[in-house]
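Undergrad: please find the sequence and the predicted model below.
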Amino acid sequence: MKMNKQVTYVLHRFLLVIIVLLIGILALAIGLMIGYGILGKGQDPWAILAPAKWQELITKFTGK
């Protein structure tokens, strides 16, 4: 019985960590979209989430 409570506790904590990570990723994506689309150049906010845009940004900062 005690082992079952420990497993439940660990699973609840693990689920909490996963939820916090997902909320953090969502907040990051929304922040990127607001910064790029609204505060930045005023282009399509969804464009910042495209891999091609990230490749362009990495190339710009690394020079490669």
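TA: Thanks, I have the structure now.

Undergrad: and the most centrally placed residue in the chain, what's its pLDDT?
TA: What sits nearest the mean C-alpha location of the chain, by Cα atoms, centre = their mean, is I25, with 2.2 Å. Note for I25: predicted pLDDT of 96.

Undergrad: what's the answer for L15, then?
TA: Note for L15: predicted pLDDT of 97.

Undergrad: in terms of helices and strands, where is it?
TA: Using DSSP states H and E, L15 sits in helix 2-33.

Undergrad: next one: that helix to chain centre, how far?
TA: Offset of helix 2-33 from its chain centre (Cα atoms, centre = their mean, to the nearest Å): 13 Å.

Undergrad: C-terminal to that helix, what's the next element?
TA: For helix 2-33, the succeeding helix or strand toward the C-terminus, using DSSP H and E, is helix 51-62.

Undergrad: and that following helix, what's its mean pLDDT?
TA: Here helix 51-62 scores 89 as its mean pLDDT.

Undergrad: equivalent analysis for stretch 31-41, please.
TA: Across stretch 31-41, pLDDT averages out at 87.

Undergrad: what is the neighbour count of I48?
TA: By other Cβ atoms under 10 Å, 19 other residues sit near I48. Yep, even glycine has a C-beta here, placed from its N, CA and C like the rest.
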